[in-house]
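**Q** Have a look at this prediction, sequence included:
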Amino acid sequence: MPRRSVLAPLLVALLGLAGCSGSGGGEPHPPPDAQASNPYAGRPAFADPGSRTAQAAARAKSEGDAEAERVFTRLADTPQGIWLTPEEYPPGAVAPFVSKITAAAGQADQVPTFVVYGIPDRDCTGGFSGGGLTADQYGPWVQELADAVTATEISVPVVAVVEPDALASAVECDRREERVRLIKDAVTRLVAAGVTTYVDGGHSHWVEPEQLAPLLRRAGIDRARGFATNVSNYQTDDDEQAYAEQLSGLLDGAHYIVDTGRNGNGSTEDWCNPTGRAYGTDPAPAPEGAPEHLDAYLWVKPPGESDGECGGGPAAGRFWPQRALEMSVSSGW
């Protein structure tokens, strides 16, 4: 962060006076230094009341299934990532949705966490979440998200997790150059809009930190808040913290968040809908005594949603009632 000059207090006061004209006084501006502090410190994360999990809870209530309603309501009330895909929110549709979510989060004084998931040939290793935009479409689509944030007058941070698996899988799929370029462009757009940005950083049992760190550097992580680990995966908190601290050390102390939605029983060798898993640590800012670069535990991947059509699951991203209930039993709910 830049050093404060002796004129800083006067400048803040003048800017405050200039901004006192009310909602009709001009276009809103992004908050300053959105990458400089932990966005989750001091505020809870936002739980989307229109999520698939909330819809499942409403269905269970209408069907008179009290146990499913109880579990799904508890899930729905737990803050989770809000995924933006071009299949569900294509160009022209993503901005209105983002505006609605950011406005609701602002009214609740809670932090929304968007997950940007639309890079070309998206799931090039697993295949179950394939698709995405063309390279030419991708930047303008991200810009729609960014513009929606800057156009919404809110006083809470807005967070984006950029492209789960994209850089780690680029090593296997040999798509390094295109993905580095597109993610760097996305980071630039989001940071300019005042969105606190975390680039996906794989997980502890995949690509080695020494291999991934150069890609994250080239993708502009120095401009972002940091990186995310374990998104949609099952690795334990301890393994992820050790991995993330090692990766952070290679990235000049970058901060990070850990997806804990489904890691309560740790991981198996199977990444796609493994059985016997449990919900993990509840979303919360890093507790006292946690590694210094950890910002928060989050449920980035909604844990009741399928990884894909494997193990009897529905399509990737669809809510899977049976598995959500099985995980609740494993979790002691």
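**A** Structure received. Note that the coordinates shown come from a computational prediction; the quantities given were computed from them, not determined experimentally.
**Q** all helices of the stretch 1-150 of the chain, in order?
**A** With DSSP state H, counting those that start in this stretch as the criterion, the stretch 1-150 of the chain has helices at 8-18, 52-62, 66-76, 94-108, 135-150.
**Q** Now do the buried residues in the third one.
**A** Spelled out, that is helix 66-76. Within helix 66-76, the residues that count as buried by 16 or more other Cβ atoms under 10 Å are 68-69, 71-73, 75-76. For every residue, glycine as well, the C-beta is placed using N, CA and C.
**Q** Just list the residues touching the closest residue to K61 other than its chain neighbours, thanks.
**A** Of all residues not flanking K61 in the chain, E69 sits nearest, at 4.7 Å (Cβ to Cβ, 6 or more residues apart in numbering). Shown in contact with E69 (Cβ atoms under 8 Å, 6 or more residues apart in numbering): 57, 60-61.
**Q** Ok, T229 next?
**A** 201-204, 235, 240, 243-244, 247, 256-259.
**Q** Could you export those residues as a markdown table, including distance to G81 and secondary structure?
**A** Shown next, in a markdown table, are these (distance: Cβ to Cβ, whole Å; DSSP: H, G, I helix; E, B strand; the rest coil):
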| residue | distance to G81 | secondary structure |
| --- | --- | --- |
| G201 | 15 | coil |
| G202 | 16 | coil |
| H203 | 15 | coil |
| S204 | 19 | coil |
| Q235 | 17 | coil |
| E240 | 16 | helix |
| Y243 | 20 | helix |
| A244 | 17 | helix |
| L247 | 20 | helix |
| Y256 | 15 | strand |
| I257 | 10 | strand |
| V258 | 13 | strand |
| D259 | 8 | strand |
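**Q** can I get the residues you listed in JSON lines with distance to L167 and neighbour count?
**A** Shown next, in JSON lines, are the contacts of T229 (distance: Cβ to Cβ, whole Å; neighbours: other Cβ atoms under 10 Å):
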{"residue": "G201", "distance to L167": "7", "neighbour count": "31"}
{"residue": "G202", "distance to L167": "7", "neighbour count": "29"}
{"residue": "H203", "distance to L167": "12", "neighbour count": "26"}
{"residue": "S204", "distance to L167": "15", "neighbour count": "23"}
{"residue": "Q235", "distance to L167": "17", "neighbour count": "22"}
{"residue": "E240", "distance to L167": "17", "neighbour count": "26"}
{"residue": "Y243", "distance to L167": "15", "neighbour count": "24"}
{"residue": "A244", "distance to L167": "15", "neighbour count": "28"}
{"residue": "L247", "distance to L167": "11", "neighbour count": "26"}
{"residue": "Y256", "distance to L167": "14", "neighbour count": "27"}
{"residue": "I257", "distance to L167": "16", "neighbour count": "31"}
{"residue": "V258", "distance to L167": "17", "neighbour count": "30"}
{"residue": "D259", "distance to L167": "16", "neighbour count": "30"}
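**Q** could these be laid out in JSON lines, adding pLDDT?
**A** Shown next, in JSON lines, are the contacts of T229 (pLDDT from 0 to 100):
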{"residue": "G201", "pLDDT": "98"}
{"residue": "G202", "pLDDT": "97"}
{"residue": "H203", "pLDDT": "97"}
{"residue": "S204", "pLDDT": "97"}
{"residue": "Q235", "pLDDT": "97"}
{"residue": "E240", "pLDDT": "97"}
{"residue": "Y243", "pLDDT": "98"}
{"residue": "A244", "pLDDT": "98"}
{"residue": "L247", "pLDDT": "98"}
{"residue": "Y256", "pLDDT": "98"}
{"residue": "I257", "pLDDT": "98"}
{"residue": "V258", "pLDDT": "98"}
{"residue": "D259", "pLDDT": "98"}
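**Q** For the stretch 51-200 of the chain, which residues score under the pLDDT cut-off?
**A** 124-130 (pLDDT under 70).
**Q** on that earlier part again, for E326, find the nearest of the helices of the stretch 1-150 of the chain.
**A** helix 66-76 (10.2 Å; Cβ to Cβ).
**Q** Run the chain-centre distance for the closest one.
**A** In terms of Cα atoms, centre = their mean, to the nearest Å, the centre of helix 66-76 is found 23 Å from the chain centre.
**Q** Just the CA atoms of that helix, as CSV, please.
**A** Extracted in CSV, the C-alpha atoms of helix 66-76 (Å, rounded to 0.1, in the frame of the first residue of the first chain):
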residue,chain,number,x,y,z
ALA,A,66,-39.6,-32.3,7.5
GLU,A,67,-36.1,-33.8,7.7
ALA,A,68,-35.1,-32.8,4.2
GLU,A,69,-36.5,-29.3,4.9
ARG,A,70,-34.4,-29.0,8.1
VAL,A,71,-31.1,-30.1,6.4
PHE,A,72,-31.7,-28.1,3.2
THR,A,73,-32.6,-25.0,5.2
ARG,A,74,-29.5,-25.2,7.3
LEU,A,75,-27.5,-25.6,4.1
ALA,A,76,-29.3,-22.7,2.5
